[in-house]
Each structure stands twice: as C-alpha cells, then as structure tokens.
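Colleague: prediction below, plus the sequence it came from.
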Amino acid sequence: MSRRVSVFPSPQELGPALAQLVAQRAAGSGGRFSLGLSGGSLVALLARDLPSALPGGGGGGDEPWLVAFCDERLVPPEHPESTSGAYEAQLLPRLPGPKPRVLSVTPGLSPHDAAADYAAKLREAFRGASMPVFDLLILGVGPDGHTCSLFPDHPLLKEEEKIVAAITDSPKPPPERITLTLPVLNAARTVVFVATGGGKAAVLKRILEGSEQNPLPAARVQPHTGQLLWFLDEAAAAELSIPLEKHSVL
Ligand SMILES: O=C1O[C@H](COP(=O)(O)O)[C@@H](O)[C@H](O)[C@H]1O
C-alpha cells in the first residue's frame, strides 16, 4: 500500500483536485467505473466541483458508472440526513454522460435486513468477485476518527465476514445505519479520505502519525494492494509533522 497526504489551502482548492481525481480514475478504469460515496460534508464538495470536471460526453467510457454508498443513515430518502437523498438532490442527476447505475438502500427495512439487502445488491453488481473491489472509494472522517459508520471501539471494527453491516447504536445520530465493512474498504483500488476544517486537526494527527494499539476506525483503512490518498485543507493538516504534498495552485 502506498499513502500520499495532499494539503490544499482551503476546500475551494481541494474540491477541484478531488473532482479531477474522480475524472482520472473514471477515465482509467477501462470499463465500468465503480465509485463509493460517503455522506456528510463530502456531498456539497462533490456537487460543487465534480460535474464540471467531467468530459461533456460522460465520465469516461460508454459504460454507466456504478455508484454505491459507503454508508447510509436509515431514514427515508427525502429526509435531510439521507446520504442517497442528498446525492440524488445535489449531484447524481447533474453528472454528464450515461445515467449511472446507483445502488441505493431499500427504504423501510429493519437495519439488519437493509444491510443484508444492500450486500446482495453489491454482490450482484460485482458478480463473479468474492469481494467487491471498488475503483474508488471517497471516505470522510469524523472528529472522533470514525469513517463510514464505523465508530471507535465498536464491535463492527472486527467484522470479517459481512461486506455490509448494520449498526443500531451509532453514537452520531441517526442511530440506525448500514455501512461497508473494513474488508471492503481495504480491497479497493484507491481510497481517498477527505477532511477539512480545524475541528479535525487533532484526530488527523492521531490517525496519520500515531501508532495506537487500538487504532481509530479511519486508521484501520489500509488498502491491501490499493492506493491510499488523504486530501486535507490547511486547517485540518495544522497539527501534522509528516511530509506533506502542498498544493497552492492547481
Ligand atoms: O456520519 C457520517 O460522518 C462521516 C463524516 O462526515 P463529515 O460531515 O464530518 O465529513 C461521513 O463520512 C459518513 O458518510 C457519514 O455517515
């Protein structure tokens, strides 16, 4: 695994660089591009910068993208906390080219049924593979070190069999969610973490520079053979002392 930490002056510069990364990976996928999206602050960043970074004819290639969600809050799609609802409202219809195949969580199921149902959708979409291997996963990180809906000290960090798991006691509301598990995150070809703002500086120091016995969830994402990228703004990177790639101009 190779890791690269890139720092941008602010989200205004980070967003276009992230969009460019998505466009490059889509163009280089050589077929159907599979993309996993996280929620939270990422939605607005991608909605602002991704559509204009993609070629007019589409994201690259004729095959529609496969878009999945790295985690989902179990609320109705029209609820403001719904990740898929936010992407449907802000980004997905604005992507140029063939309409992507979007794997959304089936509404109205219990958390465990929703996780099993989403796992079945993923297995069908990645038919023939023992593990879904995404071309690109875009992950966020919370100030507590969580990523997707994998929270510090939660038993789900030990999940090795399921590709999608349910959580009913999320410390961050809403409590009921489903999430991709670490085996799927660590099988991806490229994982990019995006974190902005000074509220994440302290946890990023622990994740990127610490060697804790019980690593935070985000620190456990280390793709086996893939590339690990971190896109930070200066405020989020303020406490780091490791070598950083600084980007002042795009
Ligand atoms: O609850 C969640 O939080 C993380 C981090 O969100 P952010 O707003 O701090 O960027 C997000 O990546 C995850 O998808 C979401 O469900």
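Modeller: Thanks, I have it.
Colleague: so which bits of this structure are right by the ligand?
Modeller: Where the chain comes near the ligand, counting by CB under 6 Å from any ligand atom, the residues are 38-42, 70-71, 140, 142, 148-149, 172. In this view, the C-beta of every residue, glycine as well, is placed from N, C-alpha and C.
Colleague: same thing but 5 Å
Modeller: 38-41, 71, 140, 142 (CB under 5 Å from any ligand atom).
Colleague: what subset of those is buried?
Modeller: Buried by 16 or more other CB atoms under 10 Å: 38-40, 71, 140, 142, out of these.
Colleague: and the helix ranked longest in the chain, what does it pack against?
Modeller: As assigned by DSSP state H, the longest helix anywhere in the chain is helix 11-27. With contacts defined as 3 or more CB pairs under 8 Å, 6 or more residues apart in numbering; DSSP states H and E, helix 11-27 has these neighbours: strand 2-8, helix 42-53, strand 136-140, strand 190-195, strand 227-233.
Colleague: so what's the gap between stretch 208-221 and the chain middle?
Modeller: 17 Å (CA atoms, centre = their mean, to the nearest Å).
Colleague: quick one: average confidence on that stretch?
Modeller: On average, the pLDDT along stretch 208-221 is 97.
Colleague: same thing with stretch 4-20?
Modeller: 97.
Colleague: mind jotting down where the strands sit in this protein?
Modeller: 2-8, 34-37, 66-69, 71-73, 101-102, 136-140, 164-167, 177-180, 190-195, 227-233, 245-246 (DSSP state E).
Colleague: direction included, what does the last one pair against?
Modeller: To tie it back to what came earlier, the one meant is strand 245-246. If you go by DSSP bridges, strand 245-246 pairs up with strand 2-8 (parallel).
Colleague: go on, the fourth one?
Modeller: Strand 71-73 pairs in its sheet with strand 177-180 (antiparallel), by DSSP bridges.
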